[in-house]
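Enquirer: can't give you the sequence, but here's the structure:
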């Protein structure tokens, strides 16, 4: 099965194994956590530097203005079992160069850390930190903006936005980001950090917990100093879901540096068209989408919700809530993908092209910065060639 395309967005298809919360003792100081026996980890902010604004002049709004089109390196650095664990090759600088030549100037690197960390101390393996730093370096060297996150990562944060887990998750969030931020500190403003991926958050109480995780992230990164004092940081709305973000996200973390925060949401709607992999009791797969792209010969697969008006409405919510207030929004993942089953294959392929073009165009028109999700389906990472030129053309056409 293709992982995370059709699409194991981490909150939807949990194809990774859930990691258990860590146990053990480092300094015997307990966390107030009624569910998980855990400990406060040692501080990894062992070499803080004085603030350094060299190469860090962009505010979040200025940074967003430089980002034109983004590309995800999916199913790779976040894969259980290692970088090649889901069948993709190691990332090379030539691949980054090819993505740039294909029309993109920003890269999102979904990244796992927990599987490379000691379960008692939360110490991340130096070899992994160095490898991630190498890949980030490929991007920065080639004048690509790069977003580095903590992805689903076994769900230790994303599945635990609850008061019971708040203290233990915050402890791990702090330990990880002190290490990540220190290792990547010398990169200039091309590098941005993102707190999480798709945090499972459904109400105001969980949103308050998620905000504490984002606050820990901001505090940990800023405390390492140097260029991290001014680095643009990205926090995720609840589930990176636009309606939930509009409903629940009324405040951002406190940041000692003004105007350096962005918000991230994702967009795969209608789900039946973008991600659903088989018919379910609650709904059927859609193969067609958008005005002029329904099928007369296969009408049962036409959409029943989620067409152009919904796209416009959703993106307008983010424009009003954040963009118009000087808070940039990254659409950190989005996409629709071609299938082989449709009876009216020509209409299906035209509909996929139209969804990609329309959604990209509407995102940009509302100030959202789009990052297309790819796992090696549209661009061949082994041979650095385009496998789905129609998808690339649709993205570029939407941007233009």
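Expert: On my side now, so go ahead. Owing to the predicted nature of the structure, the values given are computational and were not obtained by experimental measurement. Residues are numbered from 1 along each chain as shown.
Enquirer: neighbours of residue 152, how many?
Expert: When neighbours are defined as other Cβ atoms under 10 Å, residue 152 has 29 of them. Every C-beta, even on glycine, is put in place using the N, C-alpha and C of the backbone.
Enquirer: swap that for residue 65, sorry
Expert: By other Cβ under 10 Å, neighbour count at residue 65 equals 13.
Enquirer: check the one 5 residues further on too.
Expert: In terms of burial, residue 70 registers 26 neighbours under the definition other Cβ under 10 Å.
Enquirer: and the pLDDT at the closest residue to it other than its chain neighbours?
Expert: Nearest residue to residue 70, sequence neighbours excluded (Cβ to Cβ, 6 or more residues apart in numbering): residue 371, at 3.1 Å. For residue 371, the pLDDT comes out at 99.
Enquirer: tell me the secondary structure for residue 371?
Expert: Secondary structure, DSSP: H, G, I helix; E, B strand; the rest coil: residue 371 is strand.
Enquirer: okay, strands next: where are they in this structure?
Expert: 70-72, 106-109, 145-149, 191-194, 233-236, 261-267, 329-334, 368-372, 379-380, 385-386 (DSSP state E).
Enquirer: format these as TSV; extra columns: distance to residue 184.
Expert: Shown next, in TSV, are the strands of the chain (distance: least, Cβ to Cβ, whole Å):
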stretch	distance to residue 184
strand 70-72	18
strand 106-109	11
strand 145-149	7
strand 191-194	6
strand 233-236	12
strand 261-267	17
strand 329-334	18
strand 368-372	19
strand 379-380	25
strand 385-386	30
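Enquirer: check contacts around the residue of the chain most remote from its centre.
Expert: For the chain, the residue at maximal distance from the C-alpha centroid (Cα atoms, centre = their mean) is residue 297, at 37.6 Å. Taking Cβ atoms under 8 Å, 6 or more residues apart in numbering, we find residue 297 in contact with 343, 344.
Enquirer: let me see the backbone angles for it.
Expert: phi -90, psi -10 (degrees, to the nearest 10).
Enquirer: pLDDT below threshold where in this protein?
Expert: 1-39 (pLDDT under 70).
Enquirer: and the helices in it?
Expert: 60-66, 93-101, 126-141, 166-183, 204-223, 242-248, 271-274, 308-321, 345-365, 389-399 (DSSP state H).
Enquirer: quick one on the thing from earlier: so which of the strands of the chain is nearest residue 253?
Expert: Evaluated with Cβ to Cβ, the strands of the chain place strand 233-236 nearest to residue 253, the distance being 6.3 Å.
Enquirer: so what are the sheet partners of the closest one and their directions?
Expert: strand 191-194 (parallel), strand 261-267 (parallel) (DSSP bridges).
Enquirer: so residue 283 makes contact with residue 275?
Expert: No. At 11.5 Å, residue 283 and residue 275 do not qualify as touching, with contact defined as Cβ atoms under 8 Å.
Enquirer: compare the two (neighbour count), which wins?
Expert: It is residue 275, of residue 283 and residue 275, that has more neighbours when counted by other Cβ under 10 Å, with 21 against 13.
Enquirer: could you report the neighbour count for residue 357?
Expert: 20.
Enquirer: who are the contact partners of the residue lying closest to residue 257 once chain neighbours are set aside?
Expert: Take residue 257 and drop its neighbours on the chain: the residue closest to it by Cβ to Cβ, 6+ apart is residue 230, 5.8 Å away. Under the criterion of Cβ under 8 Å, 6+ apart, the neighbours of residue 230 are 51, 52, 53, 56, 189, 257, 260.
Enquirer: ditto for residue 271
Expert: By Cβ under 8 Å, 6+ apart, the neighbours of residue 271 are residue 306.
Enquirer: and it, how far is that from residue 304?
Expert: 12 Å (Cβ to Cβ, to the nearest Å).
Enquirer: that older thread, closest to residue 121 out of the strands paired with strand 233-236?
Expert: strand 191-194 (21.8 Å).
Enquirer: can you list contacts of that closest one?
Expert: Contacts of strand 191-194 (Cβ under 8 Å, 6+ apart): 63, 136, 139-140, 145-150, 177, 180-181, 184, 217, 221, 231-236, 262, 264, 332.
Enquirer: what subset of these is buried?
Expert: 63, 136, 139-140, 145-150, 177, 180-181, 184, 217, 221, 231-236, 262, 264, 332 (16 or more other Cβ atoms under 10 Å).
Enquirer: neighbouring contacts of stretch 308-327?
Expert: With Cβ under 8 Å, 6+ apart as the criterion, stretch 308-327 contacts 60-61, 242-243, 245-246, 249, 252, 259, 261-263, 265, 267, 269-270, 290-291, 328-329, 358-359, 362-363, 365-368.
Enquirer: noted, bye for now.
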